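> pasted the sequence and its predicted model underneath.
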Amino acid sequence: MNNSKINTALCSFGMSGIVFHAPFIEVNTNFNLYGVLERTKNEAEKKYPKIKTFRSLEDLLEDKTIELVVVNTPNITHFDFAKKVINAGKHLIVEKPFTATVHEAEELIQLAREKNLVLSVFQNRRYDSDFKTVKKILDKGLLGDIVDAEIHYDRYDPNLSYKVHKEKNTAAVGSLYDLGAHLIDQAIVLFGMPNVVYADLDAFRPNSKVIDFFDVKLFYKSHRVTLKSSYFVREAMPGNIFHGTKGTFIKSKADVQEKELMEGKKPGLSNWGTEPESEEGLLHTEKNGEIIKEKVSSLQGNYMEYYDGIYDAIRNHKTVPVSGNDGLNVIKVIEAAMKSNIKNRGIDL
């Protein structure tokens, strides 16, 4: 068994590299934060003096010691970068959204399979404290059969992003791809693929050229799920609302990991990813014939679980956390939602 560290390289050192990837790769003893692609700057070297800076993707991919590459570049580049990484014979993590289209996702999955490489989509929100808590409640059957569910990802920010590529009306841009990819993935983890998708998509920020509002309905045989996001929610609704035949569970979106990472805190502390008590969920249901209404403590959030899973997939041939097929299913729902919005009708999957 090969227990050596996995030399890992990042394809950019913007927010995702600084906040969501580098801290976990550096702290995890199974990985070596080896390299980063920065075309003109040396920001990674300032924070991680031992890291190697590459000026082009080609130079990075020529380095034989790199085993794993994280494609955390703008959405529109994911397919092109990922294909080059796979063809270079390296394992791969692609930021969500996986690709712009179903066709691109299928091509990458097939290529990685042919070359026997690990391909994973980075869906860190599976490891949020609130989502883990919701999943535990549902797995225990505490609500009975689910009838109706809502998952929100709201914020108040009417301003356009300073990142120009996020506001250009090109493929894979807009909140349905960025925030929607998280919510769709969570819904599929909980309930599987829906039968029908119906969507209302719009742009409400002044001068916005990309989708910044979505209301996506996923229809299943026995229930429906609403996925919703807006940039004009000053007073947030509960991020998770689940109604079943026995009761209801309501939970805020209160995972603290992104905030802690933005503050420069390192993952791995004993209290890492621990929500304040004020954000406990509310469970109102029937248990053993008795109606109960009680607060539910949140499980601990931990994005490191994702990287632990990546190590096991590469070194121990375990199941890949968030597989290429998982990423593909999200893009299938996004494409159906966009088609639904144009045709103003439900789209069968």
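Ah, there it is.

> so who does residue 94 touch?
71, 78, 82, 108, 119, 120, 121, 122, 327 (CB atoms under 8 Å, 6 or more residues apart in numbering). Any C-beta I mention is one placed from the backbone N, CA and C, and that applies to glycine too.

> the residues you listed: which two are farthest apart?
The largest separation in the contacts of residue 94, counting by CB to CB, is between 108 and 122 at 14.1 Å.

> give me the subset of the contacts of residue 94 lying in helices.
Among the contacts of residue 94, the residues falling in helices (DSSP state H) are 78, 82, 108, 327.

> and the first one, how far is that from residue 91?
Noted for residue 78: a distance of 16 Å to residue 91, by CB to CB, to the nearest Å.

> what's the answer for the second one, then?
Computed with CB to CB, the distance linking residue 82 and residue 91 is 11 Å.

> please apply the same query to the third one.
To residue 91, residue 108 is 13 Å away according to CB to CB.

> shared neighbours, the two?
residue 119.

> torsion angles phi and psi at residue 46?
Note on residue 46: its backbone torsions stand at phi -60, psi -40 [degrees, to the nearest 10].

> neighbour count for residue 82 and residue 91, which is higher?
The neighbour comparison of residue 82 against residue 91 (other CB atoms under 10 Å) goes to residue 82, with 29 against 24.

> the more buried one and residue 105 touch, don't they?
No: counting by CB atoms under 8 Å, residue 105 is not a contact partner of residue 82; they are 9.6 Å apart.

> looking at the nearest residue to residue 286 once chain neighbours are set aside now. What's its pLDDT?
Nearest non-adjacent residue to residue 286, counting by CB to CB, 6 or more residues apart in numbering: residue 246, 4.7 Å away. Note on residue 246: pLDDT of 97.

> are we agreed that residue 246 is in a strand?
No: applying DSSP: H, G, I helix; E, B strand; the rest coil, one finds residue 246 to be coil, outside a strand.

> measure it to residue 345 for me?
For residue 246 relative to residue 345 (CB to CB), the value is 33 Å.

> of these two, which one has the most company?
residue 246 (15 against 11).

> that one: what's it in contact with?
Shown in contact with residue 246 (CB under 8 Å, 6+ apart): 142, 143, 144, 285, 286.

> and what of residue 37?
9, 10, 11, 12, 13, 53, 54, 55, 56, 57, 60.

> of the contacts of residue 246, closest to residue 127?
residue 142 (21.4 Å).

> give me the pLDDT value at the closest one.
In this prediction residue 142 is given a pLDDT of 97.

> I'd say it and residue 285 touch.
Yes: using CB under 8 Å, residue 142 makes contact with residue 285 at a distance of 5.5 Å.

> so what sits against both of the two?
246, 247, 249.

> the second one contacts residue 142, correct?
Yes: contact between residue 247 and residue 142 holds when scored by CB under 8 Å: they sit 7.0 Å apart.

> sorry, back to before: overlap in contacts of residue 82 and residue 105?
Common neighbours of residue 82 and residue 105, using CB under 8 Å, 6+ apart, are residue 99.

> which residues does the spatially most central residue of the chain contact?
Nearest to the geometric centre of the chain sits residue 123, at 2.7 Å (CA atoms, centre = their mean). Each residue near residue 123 by CB under 8 Å, 6+ apart is listed here: 96, 181, 182, 185, 306, 322, 326, 327.

> in those, find the pair that's most separated.
181 and 306 (15.1 Å).

> pick out whichever of these two has more residues nearby.
Comparing residue 181 with residue 306 by neighbour count (other CB under 10 Å), the higher total belongs to residue 181, at 25 against 19.

> mind listing what the more buried one touches?
Going by CB under 8 Å, 6+ apart, residue 181 touches 96, 97, 98, 123, 330, 334.

> can you verify my assumption that the second one contacts residue 175?
No: the pair formed by residue 97 and residue 175 falls short of the contact definition of CB under 8 Å, at 11.1 Å.

> higher neighbour count, those two?
Neighbour totals were compared for residue 97 and residue 175, and residue 97 leads with 25 against 22 (other CB under 10 Å).

> of the contacts of residue 181, which belong to strands?
Per DSSP state E, strands hold no members of those.

> residue 156: how many residues sit nearby?
By the measure other CB under 10 Å, the count of residues near residue 156 is 11.

> for the helix or strand hosting residue 190, buried residues please.
Residue 190 is part of helix 180-191 when elements are defined by DSSP states H and E. Across helix 180-191, burial judged by 16 or more other CB atoms under 10 Å covers 180, 181, 182, 183, 184, 185, 186, 187, 188, 190, 191.
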